[in-house]
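> Any chance you could fold what I've pasted below:
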Amino acid sequence: MADGVEVRGNTVRVYFRWQGELCREPLPGKATERNIEHARRLVTIINYEIDAGTFDYARHFPESRRLHESTFGFYLDLWLAIKKNELAYSSYRGIASKAETHVRPRWGNEQADDIDHIELQDWIQKDLATHLANKTIKEVVSIMRQTFRLYATRNKKAFDPTLGINIRLPDDEDPDPFEKAEIRKILETPTKRVQELNLMKFAMYDGPRISEAQALAWEDVLDVEKGIIRYRRAVVRGRFKVTKTKRSTRVHHLLKPAREALQEQFALTGNLPAQTYQVVDRDNRTVRQEKLRLVFLNSLSGKPFYENAIRQRFWKTHLEKAGVRYRGPNQCRHTFISQMLSLGVVPLHWIANHVGHSSITMIQRRYGKWIHADGQDVPTMIEKLLDL
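I've put the predicted structure just below:
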């Protein structure tokens, strides 16, 4: 048989070397003399085109498995499958949504080797930048960069076209905590949604992530009267999971207002029967069933808080009724941290440990907003200390 043509059973295949690899492609039809002759002519044409630099794999073999396994979409699927096992459900859902909404429609059917840097830059400037925030664009480019890295594990000579693409982000927005006068208005404004208001009071005076407060169960309360609790889980996008990090699993001695909210909740939910919930472990794969009696429930439905229900169906309306400028529920955490900082005497290490952060640097950089209306008169305090 001529070089470049082989017969296996009743099938004719052509073989050739392209981009440093030996490629074999079957031809339609049986191994007749006519088809074998056609194969000889075809392999001659292919070798000529390869030498001339004009070879187009898709034109000759549009149904090739090799062609399919060289598309960017093929490696995007592999990358998403890996991330599904690595990431928490909420994180995976976010990247999968961006991959399917922005990346696959434009690049999924493209051969990975055919995507170049200029094309990517043009797409970012003319498409993404017209309707997406820089943070989202950065995340989309990161998805493509990580997919190209996976592609390079099989194609050692592959060039990553995302190299040199840098998306600049604006400065992080400062926390926008509530001041003491605003807190009083919020807590003194009457509402029928007692459990929701108790939850927000609890959050402002203990500083948990809202997802942690919503997942707090009476099984986590070590002493109701003394206000000793333990944070062990959170609920994100309707799924219960263990806390974000091991450091986030922590025991708290509640301040008086948070303790009062907890005690008021005990009269409302402390004696309800336990419900079974599936709790995802930190490996994002292990799922345990736990029987829990949640501390805070939706006042109207008696069910747990999922998604953004408390923000959309209670918090916005309540702040408007209280005459307080709207900030999201997450600002309750910022409020606690900022109030502690404003006192000027609470050790930063205590604050970091209390809210489950790994270092005081994060507290200083991210949460260290001084509430001028509530902070001490530092110049006067200095004068007293220096006896001026």
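> Show the average pLDDT along stretch 173-189.
In this model, stretch 173-189 carries a mean pLDDT of 91.
> and if you look at stretch 250-258?
The pLDDT scores in stretch 250-258 average 92.
> before we move on, which element is the most centrally placed residue in the chain in?
Computing the C-alpha centroid of the chain and ranking residues by Cα atoms, centre = their mean puts residue 91 first, at 3.0 Å. Residue 91 is part of helix 89-98, with elements assigned from DSSP states H and E.
> Would you mark the buried spots in that helix?
For helix 89-98, the neighbour count (16 or more other Cβ atoms under 10 Å) marks 92, 95, 98 as buried. Glycine gets a C-beta too; all of them are placed from N, C-alpha and C.
> isn't the second one right next to residue 143, touching?
Yes: taking Cβ atoms under 8 Å as the contact criterion, residue 95 and residue 143 are neighbours in contact, 6.1 Å apart.
> Can you report how many residues lie near the residue nearest to residue 89 when sequence neighbours are not counted?
With Cβ to Cβ, 6 or more residues apart in numbering as the criterion, residue 89 has its nearest non-adjacent residue at 5.3 Å, and that residue is residue 239. Using other Cβ atoms under 10 Å, residue 239 has 17 other residues around it.
> residue ranges with poor pLDDT in the stretch 51-200 of the chain?
The model of the stretch 51-200 of the chain has pLDDT under 70 over residues 171-172.
> which residues of it fall in helices?
In chain order, the stretch 51-200 of the chain shows helices spanning 57-60, 65-68, 72-86, 89-98, 104-107, 117-126, 134-152, 180-188, 194-204, with DSSP state H, counting those that start in this stretch as the criterion.
> Please apply the same query to the stretch 251-388 of the chain.
Counting by DSSP H, counting those that start in this stretch, the stretch 251-388 of the chain has helices at residues 256-269, 309-310, 316-322, 331-343, 348-355, 360-362, 378-385.
> So which of those is the most surrounded?
Ranked by mean neighbour count under mean count of other Cβ atoms under 10 Å, the helices of the stretch 251-388 of the chain are led by helix 331-343, which reaches a mean of 22.
> ok, back up a step: any chance of the buried residues of helix 89-98 in JSON lines with distance to residue 197 as columns?
Shown next, in JSON lines, are the buried residues of helix 89-98 (distance: Cβ to Cβ, whole Å):
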{"residue": "92", "distance to residue 197": "34"}
{"residue": "95", "distance to residue 197": "35"}
{"residue": "98", "distance to residue 197": "36"}
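> what about residue 11, distance to residue 60?
For residue 11, the distance to residue 60 (Cβ to Cβ, to the nearest Å) stands at 17 Å.
> Apologies, that question was intended for residue 170.
49 Å.
> neighbour count winner among these two?
Shown here are residue 170 and residue 60; by other Cβ under 10 Å, residue 60 has more neighbours (15 against 8).
> Contacts only, for the nearest residue to that one once chain neighbours are set aside.
Setting aside the residues directly before and after it, residue 60 is nearest to residue 46 in space (Cβ to Cβ, 6+ apart), at 6.6 Å. Going by Cβ atoms under 8 Å, 6 or more residues apart in numbering, residue 46 touches 4, 14, 16, 55, 60.
> Residue 67 too?
For residue 67, the contact set (Cβ under 8 Å, 6+ apart) comprises 57, 58, 61, 111.
> go with 6 Å
57, 58 (Cβ atoms under 6 Å, 6 or more residues apart in numbering).
> ok, it to residue 110 distance?
Noted for residue 67: a distance of 11 Å to residue 110, by Cβ to Cβ.
> hey, C-alpha coordinates of stretch 219-236 in PDB?
Extracted C-alpha coordinates of stretch 219-236, given in PDB (Å, rounded to 0.1, in the frame of the first residue of the first chain):
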ATOM      1  CA  GLU A 219     -28.300  22.600  67.900                       C
ATOM      2  CA  ASP A 220     -25.500  25.200  67.600                       C
ATOM      3  CA  VAL A 221     -26.700  27.200  70.700                       C
ATOM      4  CA  LEU A 222     -24.600  26.100  73.700                       C
ATOM      5  CA  ASP A 223     -26.400  28.300  76.200                       C
ATOM      6  CA  VAL A 224     -29.500  30.400  75.400                       C
ATOM      7  CA  GLU A 225     -29.400  32.500  78.600                       C
ATOM      8  CA  LYS A 226     -25.700  33.300  78.400                       C
ATOM      9  CA  GLY A 227     -25.800  33.700  74.700                       C
ATOM     10  CA  ILE A 228     -23.100  31.200  73.700                       C
ATOM     11  CA  ILE A 229     -23.400  29.900  70.200                       C
ATOM     12  CA  ARG A 230     -21.300  28.200  67.600                       C
ATOM     13  CA  TYR A 231     -21.200  28.900  63.800                       C
ATOM     14  CA  ARG A 232     -20.800  25.700  61.900                       C
ATOM     15  CA  ARG A 233     -22.600  26.200  58.500                       C
ATOM     16  CA  ALA A 234     -24.000  28.600  56.000                       C
ATOM     17  CA  VAL A 235     -26.800  28.500  53.500                       C
ATOM     18  CA  VAL A 236     -26.000  29.800  50.000                       C
END
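> Give me the distance between stretch 125-135 and the centre of its chain.
Put simply, stretch 125-135 sits 19 Å off its chain's centre (Cα atoms, centre = their mean, to the nearest Å).
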